[in-house]
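Asker: Build me a model from this:
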Amino acid sequence: MIKLYLGLEPNILTTTRANKLNEAVRLLNSHGLNSDEFKKVFKTGYQCARPLLFKRQHNKCAFCEISNDDCGSPVEHFRPKLGAEEKIGGVWRRVSTHYWWLAWTWENLLFACERCNNSGSKGNKFPIRSSASRVLAPPSPCSYPISAIHYDCASEERLLIDPRLDNPIDHIQWIPVNRTLHPKNWQWTVAGLDDKGDMTIEVLDLSLRADKVTNHLKLIVSQWVDADIHLKEGRPIAAQATWDRIIDSYINNPEQPFRNAAWWACNALFPEAERNRLGLSHPPMPFG
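Answerer: Numbering: from 1, shown residues only. As a prediction, the model looks like this:
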């Protein structure tokens, strides 16, 4: 997962939101929050954002960074559109009716792969810190337009990484599990750097991507071997050129998958102190 800069919402979503949210409020007031009529309105509308999300995310899932095809892949609601789940006693349970009013909000939408979006993964899971409260829900009966206070999520203290707002590298790292072996034989695993990272890994089950990430990082390691040989044989210019190609190809290239893992791999192969000593470039933070 990397930080995403997704720009302004498309005009079609602006128009769609006005129509759909007005309809949702009308159905809420006439049929109630748990009615089939109210729930039905949330099946459509936000899909109009898919093409632009797909393009701006460079065809990759916002969560696991796997390259994807937009055909059939969902538009993910970061905050679930019909009921949030919290982990209680080791079991995920629905604890609130949030966040129906955010269903067509640009800042709440992401392009995701089907595996990350489904109920066995992210689904409706949206945990917050036990000491915090969820953003205030609109009352019922509800007036339209909905007051801005219901869109202020700053104090919610979520336990999931939002790639639009957070830098995931501050919370999630990929590390080799067998450093005693030559880097060519390293296997990689994902680990949290704090409770937000731990929860995000659990909710998205990012460990299931470990084999794909390991295979991807082998490509980086094979080129690192060339740079290491150049250094050992007294060719620092060639080593730097090879190292810069790794950075450009696997971290700076927005089309590449697993750029978070690539950043951590580069830092494991040539740690910062060693890069300083050798005069090698520092890999920049990836963003998309």
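
Asker: Now for the chain, the helix or strand with the poorest mean pLDDT.
Answerer: Using mean pLDDT, DSSP states H and E, the weakest-scoring helix or strand in the chain turns out to be helix 114-117, at a mean of 88.

Asker: contact partners of the very next helix or strand once past that helix?
Answerer: Note on helix 114-117: by DSSP states H and E, the next helix or strand toward the C-terminus is strand 172-176. Applying C-beta atoms under 8 Å, 6 or more residues apart in numbering, the external contacts of strand 172-176 come out as 1, 161, 183, 186-193, 197, 200-201, 206, 213, 217, 260-261, 264-265, 268. Bear in mind the C-beta positions are built from the backbone N, C-alpha and C, glycine included.

Asker: Just checking: what are the partner strands of strand 172-176?
Answerer: Strand 172-176 pairs in its sheet with strand 188-192 (antiparallel), by DSSP bridges.

Asker: neighbours of the residue nearest to residue 186 when sequence neighbours are not counted, just the number please.
Answerer: The shortest distance from residue 186 to any non-neighbouring residue, by C-beta to C-beta, 6 or more residues apart in numbering, is to residue 176 (3.9 Å). Number of residues near residue 176 (other C-beta atoms under 10 Å) recorded here: 20.

Asker: Likewise for residue 122?
Answerer: Counted with other C-beta under 10 Å, residue 122 comes out at 24.

Asker: residues contacting it?
Answerer: 63, 76, 112, 116, 203, 204 are the contacts of residue 122 under C-beta under 8 Å, 6+ apart.

Asker: ok, now which ones touch the first one?
Answerer: Yep, that's residue 63 we're talking about. 1, 76, 110, 112, 113, 116, 122, 163, 204, 206.

Asker: got JSON lines for those residues, with distance to residue 100 too?
Answerer: Formatted as JSON lines, those follow (distance: C-beta to C-beta, whole Å):
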{"residue": "1", "distance to residue 100": "26"}
{"residue": "76", "distance to residue 100": "16"}
{"residue": "110", "distance to residue 100": "18"}
{"residue": "112", "distance to residue 100": "19"}
{"residue": "113", "distance to residue 100": "24"}
{"residue": "116", "distance to residue 100": "22"}
{"residue": "122", "distance to residue 100": "17"}
{"residue": "163", "distance to residue 100": "22"}
{"residue": "204", "distance to residue 100": "23"}
{"residue": "206", "distance to residue 100": "28"}
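
Asker: Pick the one among those closest to residue 234.
Answerer: residue 1 (39.4 Å; C-beta to C-beta).

Asker: List the buried residues for the least confident helix or strand of the chain?
Answerer: Buried residues in helix 114-117, counted by 16 or more other C-beta atoms under 10 Å: 115, 116, 117.

Asker: which secondary structure elements does it contact?
Answerer: Helices and strands touching helix 114-117, by 3 or more C-beta pairs under 8 Å, 6 or more residues apart in numbering; DSSP states H and E: there are none.

Asker: State the pLDDT value of the most centrally placed residue in the chain.
Answerer: With distances taken as C-alpha atoms, centre = their mean, the residue of the chain nearest its centroid is residue 63 (3.1 Å). Looking at residue 63, its pLDDT reads 96.

Asker: So for it, what's the nearest residue that isn't a sequence neighbour?
Answerer: residue 116 (4.3 Å).

Asker: quick one: contacts for the one you found?
Answerer: Contacts of residue 116 by C-beta under 8 Å, 6+ apart are 61, 62, 63, 64, 76, 122, 204.

Asker: Quick check: residue 233 vs residue 226, distance?
Answerer: 11 Å (C-beta to C-beta, to the nearest Å).
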